[in-house]
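Chemist: Quick one, structure for this:
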Amino acid sequence: MAECESGEKPKVQVKHDWYQTDVAVVITVLIKNVKEDNLCINFAKNCVTAKIKFPDQDDIDLKFNVSHDIVPEQCSYKLTPSKIEVKLKKSEGIRWAKLEGHEDLPKAIPVEVPQSSGPPSYPTSKKGKDWSVVEKKIKEEEAKEKPEGEEALNKLFQEIYGKGSDEVKRAMNKSYMESGGTVLSTNWDEISKEKVDVKPPDGMEFKKW
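Modeler: Model (predicted):
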């Protein structure tokens, strides 16, 4: 593939969505494959900035001048292969009508608990968009993301336990507890006969503290 004559790095188009709960505002930046070392997010009382670095593309600088004050020390973010989820702690329990731009209110509006059983449709700066649907899609994306390593192993054990019979569950509980977490068996006929010994990995020694 021929390179651009100008030598400029390609620019990445970044989209974002947002929704809110009674105590927090969540901004979802839809961008894939961002490394933790290449991401820097800073929280201020009324502003959030994010700098994303790419080895073969232009760096991305994002800034959100939020419409109400937040509590910087209680804000956080979560990085996944498909997005960056930024959680902002509201300083006041009021409903935001928009994400950015100062919003003059005559007085603080207390948040009312919705009467319906379903989640509320959160307002945003874009009209006609149901953010409860957006939140549902985000959760569906997270469910599709395949866990790796220890997380994948724990999920597998949870599925086996959840779908297993009473004997399978008793076997898993007994083997795990008696072995100090070094053995996990689903065979009740074998496990029920005697106490399960501790079996540390090869080259390691089990010590009681």
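
Chemist: what ranges do the strands span in the protein?
Modeler: Residue ranges of the strands in the chain, as given by DSSP state E, are 15-20, 24-30, 39-43, 48-52, 60-64, 76-80, 83-89.

Chemist: Walk me through the domains of this protein.
Modeler: Residue ranges for each domain of the chain read 15-92+127-144, 148-209, as given by automatic domain parsing.

Chemist: Just give me the lowest mean pLDDT stretch among those.
Modeler: Among the domains of the chain, domain 148-209 has the lowest mean pLDDT, at a mean of 70.

Chemist: residue contacts, the residue lying closest to residue 60 once chain neighbours are set aside?
Modeler: Closest residue in space to residue 60, ignoring its immediate chain neighbours: residue 52 at 4.3 Å, by C-beta to C-beta, 6 or more residues apart in numbering. Where C-beta positions appear, they are placed from N, C-alpha and C, glycine not excepted. Contacts for residue 52 (C-beta atoms under 8 Å, 6 or more residues apart in numbering) come out as 31, 34, 38-39, 59-62.

Chemist: and residue 52, bridged to which residues?
Modeler: Counting by DSSP bridges, residue 52 is bridged to residue 39, residue 60.

Chemist: Can you give me the pLDDT of residue 113?
Modeler: pLDDT, residue 113: 56.

Chemist: Can you select the buried ones from the contacts of residue 52 in ChimeraX?
Modeler: In ChimeraX, this line selects whichever of the contacts of residue 52 come out buried by 16 or more other C-beta atoms under 10 Å:
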select :31,34,39,60,62
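
Chemist: Can you lay out the contacts of residue 52 as a markdown table showing distance to residue 141?
Modeler: Shown next, in a markdown table, are the contacts of residue 52 (distance: C-beta to C-beta, whole Å):
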| residue | distance to residue 141 |
| --- | --- |
| 31 | 13 |
| 34 | 15 |
| 38 | 21 |
| 39 | 19 |
| 59 | 25 |
| 60 | 20 |
| 61 | 25 |
| 62 | 20 |
